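Chemist: got a sequence here, can you model it:
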Amino acid sequence: MGDIDMNKNEGTPAIRISGLTKVYRLYDKPSDRLKEALGFGGKKRYHELYALKNVSFDVKRGETVGIIGTNGSGKSTILKIITGVLSPTEGTVTADGRISALLELGAGFNMEYTGVENIYLNGTMMGFSEKEIEERMDSILSFADIGEFVHQPVKTYSSGMFVRLAFAVAINIDPEILIVDEALSVGDVFFQAKCYHKFEEFRSQGKTILFVSHDLGSVARYCDRVILLNKGDKLAEGEPQKMVDLYKKLLVGLPADEGSGGLPGGDDKEGSREAEELAKKQESVEGLTGILPMNPYTNKYGEGQAHFTKLSIFDDRGLVTSSIGKGTEFVLEARITFDCDVEAPICSYTFKSLKGADITGTNTMFEHCEIGPKKAGDSIRVRFRQRMTLQGGEYLLSFGCTGYDKGEFRVFQRLYDVLNVTVVSTKNTVGFFDMESQVTVESI
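Modeler: Residues are numbered from 1 along each chain as shown. Next up is the predicted model:
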(Lines give C-alpha, C1' and ligand atoms only; values in the text may rest on other atoms or scores of the structure.)
Protein backbone atom coordinates (compact mmCIF):
# COMPACT_ATOMS: atom_id res chain seq x y z
CA MET A 1 0.00 0.00 0.00
CA GLY A 2 1.11 3.59 -0.54
CA ASP A 3 2.61 5.51 2.35
CA ILE A 4 1.47 9.14 2.21
CA ASP A 5 3.85 11.02 4.50
CA MET A 6 2.94 14.68 4.89
CA ASN A 7 5.72 15.58 7.35
CA LYS A 8 8.09 18.17 5.91
CA ASN A 9 11.71 17.03 6.16
CA GLU A 10 14.63 19.05 4.87
CA GLY A 11 16.66 17.36 2.18
CA THR A 12 13.92 15.02 1.02
CA PRO A 13 12.15 15.28 -2.35
CA ALA A 14 8.71 16.87 -2.32
CA ILE A 15 7.31 13.71 -3.93
CA ARG A 16 8.94 10.29 -4.09
CA ILE A 17 7.43 7.49 -6.19
CA SER A 18 9.01 4.07 -5.61
CA GLY A 19 8.10 0.84 -7.44
CA LEU A 20 4.53 1.99 -8.07
CA THR A 21 2.27 -0.69 -9.55
CA LYS A 22 -1.48 -0.58 -10.03
CA VAL A 23 -3.35 -3.67 -11.19
CA TYR A 24 -7.07 -3.86 -11.95
CA ARG A 25 -8.98 -7.13 -12.00
CA LEU A 26 -11.32 -7.27 -14.97
CA TYR A 27 -14.23 -9.72 -14.99
CA ASP A 28 -16.17 -10.85 -18.05
CA LYS A 29 -19.46 -10.66 -16.15
CA PRO A 30 -20.64 -9.44 -12.72
CA SER A 31 -21.46 -12.95 -11.55
CA ASP A 32 -17.78 -13.92 -11.83
CA ARG A 33 -16.87 -11.14 -9.41
CA LEU A 34 -19.53 -12.36 -6.96
CA LYS A 35 -18.45 -16.01 -7.22
CA GLU A 36 -14.84 -15.11 -6.50
CA ALA A 37 -15.83 -12.89 -3.57
CA LEU A 38 -17.80 -15.80 -2.09
CA GLY A 39 -14.89 -18.18 -2.64
CA PHE A 40 -16.64 -20.56 -5.06
CA GLY A 41 -14.03 -22.87 -6.56
CA GLY A 42 -10.35 -22.25 -7.21
CA LYS A 43 -10.81 -21.07 -10.77
CA LYS A 44 -9.37 -17.71 -11.71
CA ARG A 45 -12.30 -15.69 -13.03
CA TYR A 46 -10.56 -12.46 -14.00
CA HIS A 47 -7.72 -11.14 -16.09
CA GLU A 48 -5.34 -8.44 -14.92
CA LEU A 49 -4.84 -4.98 -16.41
CA TYR A 50 -1.66 -3.18 -15.37
CA ALA A 51 -2.32 0.56 -15.25
CA LEU A 52 1.20 1.11 -13.82
CA LYS A 53 4.21 -1.22 -13.79
CA ASN A 54 6.97 -0.60 -11.24
CA VAL A 55 7.21 3.16 -11.85
CA SER A 56 9.75 5.19 -9.85
CA PHE A 57 10.78 8.85 -9.90
CA ASP A 58 11.33 11.83 -7.59
CA VAL A 59 10.06 15.40 -7.80
CA LYS A 60 12.41 17.89 -6.17
CA ARG A 61 11.07 20.71 -4.01
CA GLY A 62 10.38 23.77 -6.19
CA GLU A 63 10.51 21.76 -9.43
CA THR A 64 7.82 21.68 -12.12
CA VAL A 65 7.63 18.18 -13.56
CA GLY A 66 5.38 17.14 -16.43
CA ILE A 67 3.97 13.70 -17.12
CA ILE A 68 3.10 12.92 -20.74
CA GLY A 69 2.02 9.80 -22.60
CA THR A 70 -0.67 8.37 -24.83
CA ASN A 71 -4.17 7.65 -23.53
CA GLY A 72 -4.10 4.74 -21.10
CA SER A 73 -0.45 5.24 -20.18
CA GLY A 74 -1.18 5.70 -16.46
CA LYS A 75 -0.75 9.48 -16.09
CA SER A 76 -3.97 10.18 -14.19
CA THR A 77 -3.59 6.97 -12.18
CA ILE A 78 -0.31 8.23 -10.72
CA LEU A 79 -1.86 11.54 -9.71
CA LYS A 80 -4.85 9.82 -8.08
CA ILE A 81 -2.52 7.58 -6.06
CA ILE A 82 -0.44 10.57 -4.92
CA THR A 83 -3.57 12.38 -3.75
CA GLY A 84 -5.01 9.29 -2.04
CA VAL A 85 -7.96 8.82 -4.39
CA LEU A 86 -6.59 5.39 -5.36
CA SER A 87 -4.43 2.88 -3.49
CA PRO A 88 -1.48 1.25 -5.27
CA THR A 89 -1.22 -2.51 -5.65
CA GLU A 90 2.50 -2.31 -4.89
CA GLY A 91 5.03 0.43 -4.18
CA THR A 92 5.10 3.56 -2.06
CA VAL A 93 4.33 7.25 -2.44
CA THR A 94 5.68 9.89 -0.06
CA ALA A 95 4.58 13.51 -0.31
CA ASP A 96 6.36 16.15 1.78
CA GLY A 97 4.10 19.21 1.95
CA ARG A 98 0.50 20.41 1.75
CA ILE A 99 -1.09 19.19 -1.49
CA SER A 100 -3.75 20.82 -3.61
CA ALA A 101 -5.03 18.70 -6.50
CA LEU A 102 -6.73 19.95 -9.65
CA LEU A 103 -8.03 16.59 -10.82
CA GLU A 104 -11.77 15.98 -11.02
CA LEU A 105 -12.87 19.51 -10.25
CA GLY A 106 -15.82 19.70 -7.90
CA ALA A 107 -15.79 15.98 -7.10
CA GLY A 108 -16.32 16.72 -3.39
CA PHE A 109 -19.13 19.23 -3.87
CA ASN A 110 -22.61 18.67 -2.44
CA MET A 111 -25.05 19.72 -5.16
CA GLU A 112 -27.66 20.80 -2.62
CA TYR A 113 -25.28 23.19 -0.82
CA THR A 114 -24.65 26.77 -1.88
CA GLY A 115 -21.31 27.82 -3.31
CA VAL A 116 -20.21 29.32 0.02
CA GLU A 117 -21.25 26.18 1.92
CA ASN A 118 -19.25 24.06 -0.52
CA ILE A 119 -16.19 26.25 0.00
CA TYR A 120 -16.39 25.50 3.75
CA LEU A 121 -17.04 21.82 3.04
CA ASN A 122 -14.05 21.46 0.70
CA GLY A 123 -11.79 23.55 2.90
CA THR A 124 -12.60 21.33 5.87
CA MET A 125 -11.88 18.21 3.78
CA MET A 126 -8.48 19.71 2.94
CA GLY A 127 -7.68 20.14 6.64
CA PHE A 128 -8.39 23.85 7.15
CA SER A 129 -10.10 25.34 10.18
CA GLU A 130 -13.14 27.57 9.76
CA LYS A 131 -10.99 30.62 10.53
CA GLU A 132 -8.43 29.66 7.86
CA ILE A 133 -11.21 29.21 5.30
CA GLU A 134 -12.67 32.62 6.20
CA GLU A 135 -9.25 34.21 5.69
CA ARG A 136 -9.18 32.81 2.14
CA MET A 137 -12.84 33.42 1.31
CA ASP A 138 -12.38 36.79 -0.41
CA SER A 139 -9.60 35.53 -2.68
CA ILE A 140 -11.64 32.42 -3.58
CA LEU A 141 -14.76 34.43 -4.42
CA SER A 142 -12.75 37.01 -6.36
CA PHE A 143 -11.02 34.32 -8.41
CA ALA A 144 -14.24 32.41 -9.16
CA ASP A 145 -16.06 35.66 -10.07
CA ILE A 146 -19.57 34.15 -10.24
CA GLY A 147 -21.33 36.98 -8.40
CA GLU A 148 -24.41 36.33 -6.28
CA PHE A 149 -24.58 32.73 -7.49
CA VAL A 150 -22.24 31.82 -4.61
CA HIS A 151 -25.33 32.01 -2.38
CA GLN A 152 -27.34 29.62 -4.59
CA PRO A 153 -27.23 25.79 -4.61
CA VAL A 154 -24.53 24.59 -7.00
CA LYS A 155 -27.10 22.37 -8.73
CA THR A 156 -28.39 25.61 -10.33
CA TYR A 157 -24.94 26.50 -11.75
CA SER A 158 -23.94 26.24 -15.36
CA SER A 159 -21.03 23.87 -16.01
CA GLY A 160 -18.77 26.89 -16.47
CA MET A 161 -19.66 28.42 -13.10
CA PHE A 162 -19.25 25.03 -11.41
CA VAL A 163 -15.66 24.49 -12.59
CA ARG A 164 -14.74 28.12 -11.91
CA LEU A 165 -15.74 27.77 -8.28
CA ALA A 166 -14.09 24.35 -7.95
CA PHE A 167 -10.86 25.66 -9.49
CA ALA A 168 -10.91 28.75 -7.27
CA VAL A 169 -11.24 26.63 -4.11
CA ALA A 170 -8.41 24.30 -5.13
CA ILE A 171 -6.01 27.03 -6.25
CA ASN A 172 -6.39 29.45 -3.34
CA ILE A 173 -5.44 27.29 -0.34
CA ASP A 174 -1.73 28.17 -0.59
CA PRO A 175 -0.43 24.61 -1.20
CA GLU A 176 3.22 23.60 -1.16
CA ILE A 177 2.58 20.96 -3.83
CA LEU A 178 0.20 21.49 -6.74
CA ILE A 179 -1.09 18.49 -8.70
CA VAL A 180 -2.64 19.43 -12.07
CA ASP A 181 -4.41 17.09 -14.50
CA GLU A 182 -5.64 18.87 -17.65
CA ALA A 183 -7.40 21.44 -15.45
CA LEU A 184 -5.94 24.73 -16.69
CA SER A 185 -8.25 25.05 -19.73
CA VAL A 186 -11.54 25.51 -17.89
CA GLY A 187 -14.10 28.24 -18.45
CA ASP A 188 -13.85 30.97 -21.09
CA VAL A 189 -10.64 32.35 -22.55
CA PHE A 190 -10.38 35.11 -19.91
CA PHE A 191 -10.72 32.66 -17.02
CA GLN A 192 -8.16 30.37 -18.70
CA ALA A 193 -5.74 33.31 -18.81
CA LYS A 194 -6.36 33.87 -15.09
CA CYS A 195 -5.66 30.17 -14.40
CA TYR A 196 -2.36 30.25 -16.29
CA HIS A 197 -1.37 33.47 -14.51
CA LYS A 198 -1.98 31.78 -11.16
CA PHE A 199 0.03 28.79 -12.38
CA GLU A 200 2.94 31.09 -13.28
CA GLU A 201 2.63 32.76 -9.87
CA PHE A 202 2.97 29.38 -8.18
CA ARG A 203 6.11 28.60 -10.19
CA SER A 204 7.69 31.96 -9.35
CA GLN A 205 7.03 31.30 -5.63
CA GLY A 206 9.00 28.06 -5.84
CA LYS A 207 6.03 25.75 -5.37
CA THR A 208 6.39 22.11 -6.38
CA ILE A 209 4.17 21.28 -9.37
CA LEU A 210 3.33 17.93 -10.95
CA PHE A 211 1.65 18.60 -14.28
CA VAL A 212 -0.23 16.27 -16.67
CA SER A 213 -1.31 17.66 -20.03
CA HIS A 214 -1.81 16.76 -23.68
CA ASP A 215 -0.81 20.34 -24.53
CA LEU A 216 2.82 19.70 -25.48
CA GLY A 217 3.47 23.42 -25.82
CA SER A 218 2.54 24.01 -22.17
CA VAL A 219 4.67 21.05 -21.13
CA ALA A 220 7.70 22.39 -23.00
CA ARG A 221 7.09 25.94 -21.74
CA TYR A 222 6.46 25.32 -18.04
CA CYS A 223 8.25 22.11 -17.05
CA ASP A 224 11.81 21.72 -15.77
CA ARG A 225 11.71 17.98 -16.42
CA VAL A 226 9.29 15.54 -18.05
CA ILE A 227 8.36 11.89 -17.37
CA LEU A 228 7.27 9.87 -20.44
CA LEU A 229 4.84 6.98 -19.79
CA ASN A 230 3.48 4.36 -22.17
CA LYS A 231 1.03 1.59 -21.27
CA GLY A 232 1.93 1.80 -17.59
CA ASP A 233 5.71 1.79 -18.08
CA LYS A 234 8.06 4.70 -17.53
CA LEU A 235 9.93 4.93 -20.83
CA ALA A 236 12.16 7.89 -20.07
CA GLU A 237 12.61 11.13 -18.15
CA GLY A 238 14.62 14.21 -18.99
CA GLU A 239 14.54 17.65 -20.55
CA PRO A 240 11.11 18.65 -21.91
CA GLN A 241 11.90 18.98 -25.63
CA LYS A 242 13.67 15.63 -25.77
CA MET A 243 10.72 13.90 -24.08
CA VAL A 244 8.25 15.68 -26.38
CA ASP A 245 10.22 14.38 -29.39
CA LEU A 246 10.03 10.84 -28.03
CA TYR A 247 6.30 11.26 -27.38
CA LYS A 248 5.76 12.39 -30.99
CA LYS A 249 7.21 9.06 -32.10
CA LEU A 250 4.76 7.20 -29.86
CA LEU A 251 1.83 9.17 -31.31
CA VAL A 252 2.50 7.75 -34.77
CA GLY A 253 3.17 4.20 -33.58
CA LEU A 254 6.96 4.24 -33.63
CA PRO A 255 9.08 2.81 -30.81
CA ALA A 256 10.41 5.41 -28.38
CA ASP A 257 13.10 4.89 -25.79
CA GLU A 258 15.62 7.10 -24.09
CA GLY A 259 18.52 5.29 -25.67
CA SER A 260 17.41 6.29 -29.16
CA GLY A 261 18.33 9.87 -28.36
CA GLY A 262 15.01 11.26 -29.53
CA LEU A 263 14.07 11.74 -33.14
CA PRO A 264 16.99 11.14 -35.49
CA GLY A 265 18.38 13.93 -37.60
CA GLY A 266 20.84 16.77 -37.24
CA ASP A 267 24.11 17.46 -38.99
CA ASP A 268 25.88 14.18 -38.24
CA LYS A 269 25.91 11.61 -41.04
CA GLU A 270 24.85 8.75 -38.79
CA GLY A 271 21.81 10.69 -37.58
CA SER A 272 20.91 11.64 -41.14
CA ARG A 273 21.10 8.02 -42.30
CA GLU A 274 18.93 6.95 -39.35
CA ALA A 275 16.38 9.62 -40.23
CA GLU A 276 16.36 8.51 -43.87
CA GLU A 277 15.83 4.87 -42.93
CA LEU A 278 13.08 5.77 -40.49
CA ALA A 279 11.35 7.91 -43.12
CA LYS A 280 11.39 4.98 -45.54
CA LYS A 281 9.82 2.68 -42.92
CA GLN A 282 7.13 5.25 -42.19
CA GLU A 283 6.28 5.66 -45.85
CA SER A 284 6.09 1.90 -46.41
CA VAL A 285 3.10 1.54 -44.07
CA GLU A 286 -0.01 0.75 -46.11
CA GLY A 287 -3.30 2.62 -45.99
CA LEU A 288 -4.56 6.07 -46.90
CA THR A 289 -2.85 7.78 -43.96
CA GLY A 290 -0.10 5.24 -43.24
CA ILE A 291 1.12 5.52 -39.65
CA LEU A 292 -0.98 8.64 -39.01
CA PRO A 293 -4.25 7.96 -37.16
CA MET A 294 -7.18 8.58 -39.49
CA ASN A 295 -10.38 10.18 -38.21
CA PRO A 296 -13.02 7.39 -38.21
CA TYR A 297 -15.69 10.05 -38.76
CA THR A 298 -14.12 11.50 -41.91
CA ASN A 299 -16.75 12.95 -44.23
CA LYS A 300 -16.00 11.51 -47.70
CA TYR A 301 -17.80 12.40 -50.89
CA GLY A 302 -17.27 13.14 -54.58
CA GLU A 303 -18.19 12.07 -58.11
CA GLY A 304 -15.30 9.60 -58.38
CA GLN A 305 -13.19 10.99 -61.23
CA ALA A 306 -10.16 10.71 -58.91
CA HIS A 307 -9.31 9.46 -55.44
CA PHE A 308 -6.60 9.99 -52.83
CA THR A 309 -4.28 7.03 -52.32
CA LYS A 310 -1.94 8.45 -49.64
CA LEU A 311 -1.96 11.45 -47.30
CA SER A 312 1.12 12.39 -45.27
CA ILE A 313 2.42 15.15 -43.00
CA PHE A 314 6.21 15.64 -42.82
CA ASP A 315 8.00 17.69 -40.19
CA ASP A 316 11.19 19.72 -40.71
CA ARG A 317 13.25 16.53 -40.36
CA GLY A 318 11.38 14.75 -43.13
CA LEU A 319 9.60 12.41 -40.72
CA VAL A 320 5.91 11.55 -40.87
CA THR A 321 4.14 12.98 -37.82
CA SER A 322 0.90 14.58 -36.68
CA SER A 323 2.79 17.02 -34.39
CA ILE A 324 4.41 20.10 -35.91
CA GLY A 325 6.49 22.66 -34.04
CA LYS A 326 5.31 26.23 -34.35
CA GLY A 327 7.74 28.23 -36.48
CA THR A 328 9.11 25.17 -38.29
CA GLU A 329 8.70 24.11 -41.91
CA PHE A 330 6.42 21.21 -42.75
CA VAL A 331 5.04 19.49 -45.84
CA LEU A 332 1.55 18.21 -46.62
CA GLU A 333 1.64 15.52 -49.27
CA ALA A 334 -1.28 14.08 -51.23
CA ARG A 335 -1.08 11.26 -53.77
CA ILE A 336 -3.94 11.09 -56.25
CA THR A 337 -4.95 8.50 -58.85
CA PHE A 338 -7.30 9.49 -61.67
CA ASP A 339 -10.08 7.07 -62.59
CA CYS A 340 -11.06 8.83 -65.82
CA ASP A 341 -9.78 11.61 -68.06
CA VAL A 342 -9.97 15.07 -66.47
CA GLU A 343 -9.15 18.44 -67.97
CA ALA A 344 -7.92 20.62 -65.10
CA PRO A 345 -7.66 19.00 -61.67
CA ILE A 346 -7.10 21.05 -58.51
CA CYS A 347 -5.71 19.75 -55.19
CA SER A 348 -6.45 21.61 -51.95
CA TYR A 349 -6.07 21.44 -48.19
CA THR A 350 -7.81 23.24 -45.30
CA PHE A 351 -7.03 23.60 -41.61
CA LYS A 352 -10.08 23.82 -39.34
CA SER A 353 -10.57 24.39 -35.62
CA LEU A 354 -12.06 21.58 -33.52
CA LYS A 355 -15.30 23.61 -33.57
CA GLY A 356 -15.39 23.44 -37.37
CA ALA A 357 -14.25 26.95 -38.33
CA ASP A 358 -12.12 27.19 -41.47
CA ILE A 359 -8.79 28.76 -40.47
CA THR A 360 -6.55 28.60 -43.51
CA GLY A 361 -5.85 26.61 -46.62
CA THR A 362 -4.83 26.82 -50.23
CA ASN A 363 -4.92 24.90 -53.50
CA THR A 364 -2.84 24.38 -56.61
CA MET A 365 -4.88 26.97 -58.54
CA PHE A 366 -4.35 29.71 -55.91
CA GLU A 367 -0.64 28.86 -55.89
CA HIS A 368 -0.43 29.07 -59.72
CA CYS A 369 0.70 25.47 -59.94
CA GLU A 370 -1.36 24.00 -62.76
CA ILE A 371 -1.59 20.22 -62.78
CA GLY A 372 -2.78 19.97 -66.36
CA PRO A 373 -4.96 17.34 -68.08
CA LYS A 374 -4.74 13.77 -66.76
CA LYS A 375 -5.67 10.43 -68.28
CA ALA A 376 -7.44 7.55 -66.54
CA GLY A 377 -4.83 5.60 -64.57
CA ASP A 378 -2.45 8.53 -64.11
CA SER A 379 -1.14 9.22 -60.60
CA ILE A 380 0.42 12.37 -59.16
CA ARG A 381 2.01 13.53 -55.92
CA VAL A 382 1.25 17.06 -54.71
CA ARG A 383 3.43 18.59 -51.99
CA PHE A 384 2.55 21.78 -50.11
CA ARG A 385 5.60 23.15 -48.26
CA GLN A 386 5.05 25.97 -45.77
CA ARG A 387 5.98 27.36 -42.36
CA MET A 388 3.75 26.64 -39.37
CA THR A 389 2.46 29.93 -37.95
CA LEU A 390 -0.71 28.61 -36.29
CA GLN A 391 -0.92 28.91 -32.52
CA GLY A 392 -0.22 25.85 -30.41
CA GLY A 393 -3.23 23.54 -30.20
CA GLU A 394 -5.27 20.90 -31.99
CA TYR A 395 -6.53 21.26 -35.56
CA LEU A 396 -8.34 19.19 -38.18
CA LEU A 397 -6.98 18.80 -41.71
CA SER A 398 -9.08 18.29 -44.85
CA PHE A 399 -8.04 17.49 -48.44
CA GLY A 400 -9.88 17.87 -51.69
CA CYS A 401 -9.44 17.05 -55.36
CA THR A 402 -11.71 19.04 -57.65
CA GLY A 403 -11.56 20.38 -61.20
CA TYR A 404 -13.36 21.51 -64.30
CA ASP A 405 -15.06 19.41 -66.96
CA LYS A 406 -16.29 21.30 -70.04
CA GLY A 407 -16.28 24.49 -68.02
CA GLU A 408 -18.32 23.00 -65.16
CA PHE A 409 -16.83 22.74 -61.66
CA ARG A 410 -16.76 19.16 -60.33
CA VAL A 411 -15.84 17.60 -56.98
CA PHE A 412 -13.80 14.45 -57.62
CA GLN A 413 -13.20 13.57 -53.97
CA ARG A 414 -13.22 15.45 -50.68
CA LEU A 415 -12.02 14.16 -47.32
CA TYR A 416 -13.21 16.45 -44.55
CA ASP A 417 -11.38 16.33 -41.17
CA VAL A 418 -9.39 13.28 -42.21
CA LEU A 419 -6.34 14.00 -40.01
CA ASN A 420 -5.56 15.68 -36.71
CA VAL A 421 -2.60 18.06 -36.46
CA THR A 422 -1.09 19.09 -33.12
CA VAL A 423 0.88 22.34 -33.20
CA VAL A 424 3.50 22.40 -30.44
CA SER A 425 4.34 25.90 -29.24
CA THR A 426 6.19 27.46 -26.31
CA LYS A 427 4.75 30.91 -27.07
CA ASN A 428 1.23 31.79 -28.16
CA THR A 429 -0.47 35.07 -28.95
CA VAL A 430 -4.16 35.95 -29.41
CA GLY A 431 -6.28 34.17 -32.03
CA PHE A 432 -5.25 31.47 -34.49
CA PHE A 433 -2.12 33.03 -36.00
CA ASP A 434 1.07 34.55 -34.68
CA MET A 435 1.90 37.81 -36.51
CA GLU A 436 5.54 37.29 -35.43
CA SER A 437 5.79 40.82 -34.08
CA GLN A 438 9.20 42.32 -33.43
CA VAL A 439 8.77 44.44 -30.28
CA THR A 440 10.99 47.32 -29.13
CA VAL A 441 10.61 49.57 -26.10
CA GLU A 442 12.49 52.86 -25.72
CA SER A 443 12.29 55.90 -23.51
CA ILE A 444 11.10 59.11 -25.18
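Chemist: residues near residue 138, how many?
Modeler: By other CB atoms under 10 Å, the residues close to residue 138 number 10. Where you see a C-beta, it was placed from the backbone N, CA and C, and this is true even at glycine.
Chemist: swap in residue 202?
Modeler: Counted with other CB under 10 Å, residues neighbouring residue 202 total 19.
Chemist: show me where pLDDT drops low in the protein?
Modeler: 1-11, 37, 39-43, 104-107, 183-189, 252-272, 274-275, 440 (pLDDT under 70).
Chemist: scan it for its longest strand.
Modeler: Using DSSP state E to define each element, the chain has its longest strand at strand 408-424.
Chemist: helices or strands next to it in the packing?
Modeler: Here strand 408-424 touches helix 216-222, strand 299-301, strand 306-314, strand 323-325, strand 344-352, strand 393-405, going by 3 or more CB pairs under 8 Å, 6 or more residues apart in numbering; DSSP states H and E.
Chemist: just how off-centre is that strand within its chain?
Modeler: Taking CA atoms, centre = their mean, to the nearest Å, one finds strand 408-424 lying 23 Å from the centre of the chain it belongs to.
Chemist: could you do stretch 70-81 as well?
Modeler: Here stretch 70-81 is found 13 Å from its chain centre; the criterion is CA atoms, centre = their mean.
Chemist: mind listing what's buried along it?
Modeler: Residues of stretch 70-81 classed as buried by neighbour count (16 or more other CB atoms under 10 Å): 73, 74, 75, 76, 77, 78, 79, 80, 81.
Chemist: could you list which of those residues belong to helices?
Modeler: Applying DSSP state H to these, the entries found in helices are 75, 76, 77, 78, 79, 80, 81.
Chemist: which one of those residues is nearest to residue 139?
Modeler: In terms of CB to CB, no member of those lies closer to residue 139 than residue 79, at 24.7 Å.
Chemist: surely the closest one and residue 101 touch.
Modeler: Yes - counting by CB atoms under 8 Å, residue 101 is a contact partner of residue 79 at 7.0 Å.
Chemist: dump the residue contacts of the residue positioned nearest the centre of the chain.
Modeler: Taking CA atoms, centre = their mean, the centroid of the chain lies closest to residue 214, which sits 1.5 Å from it. Neighbouring residues of residue 214 by CB atoms under 8 Å, 6 or more residues apart in numbering: 68, 182.
Chemist: just give me the closest of the ones in helices among the buried residues of stretch 70-81 to residue 327.
Modeler: residue 75 (27.4 Å).
Chemist: buried residues, stretch 133-144. List them.
Modeler: 133, 136, 137, 140, 141, 143, 144.
Chemist: inside helices: which ones of these?
Modeler: Residues of these located in helices (DSSP H): 133, 136, 137, 140, 141, 143, 144.
Chemist: what about the closest residue to residue 426 other than its chain neighbours, how many residues close to it?
Modeler: Closest residue in space to residue 426, ignoring its immediate chain neighbours: residue 221 at 4.4 Å, by CB to CB, 6 or more residues apart in numbering. For residue 221, the count of nearby residues is 18 (other CB under 10 Å).
Chemist: please tell me I have it right and residue 221 contacts residue 326.
Modeler: No - using CB under 8 Å, residue 221 makes no contact with residue 326, being 11.2 Å away.
Chemist: which residue ranges of the stretch 51-200 of the chain form strands?
Modeler: Assigned strands in the stretch 51-200 of the chain, in chain order: 64-69, 90-95, 99-102, 177-181 (criterion: DSSP state E, counting those that start in this stretch).
Chemist: thinking again about what came up before, for the residue nearest to the centre of the chain, helix, strand, or coil?
Modeler: Secondary structure assignment for residue 214 (DSSP: H, G, I helix; E, B strand; the rest coil): coil.
Chemist: measure it to residue 294 for me?
Modeler: To residue 294, residue 214 is 19 Å away according to CB to CB, to the nearest Å.
Chemist: returning to that earlier point: got the ones in helices among the buried residues of stretch 70-81 as JSON lines, with distance to residue 368 columns?
Modeler: Below are those laid out as JSON lines (distance: CB to CB, whole Å):
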{"residue": "75", "distance to residue 368": "47"}
{"residue": "76", "distance to residue 368": "50"}
{"residue": "77", "distance to residue 368": "53"}
{"residue": "78", "distance to residue 368": "53"}
{"residue": "79", "distance to residue 368": "52"}
{"residue": "80", "distance to residue 368": "56"}
{"residue": "81", "distance to residue 368": "58"}
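Chemist: widest-spaced pair of those?
Modeler: Pairwise distances across these (CB to CB) peak at 11.4 Å, for the pair 75 and 81.
Chemist: looks to me like residue 13 is in a helix.
Modeler: No - counting by three-state DSSP, residue 13 falls outside a helix, being coil.
Chemist: what's near enough to touch the residue nearest to it when sequence neighbours are not counted?
Modeler: Leaving aside its chain neighbours, residue 13 sits nearest to residue 58 (4.1 Å; criterion: CB to CB, 6+ apart). Counting by CB under 8 Å, 6+ apart, residue 58 touches 13, 15, 16, 17.
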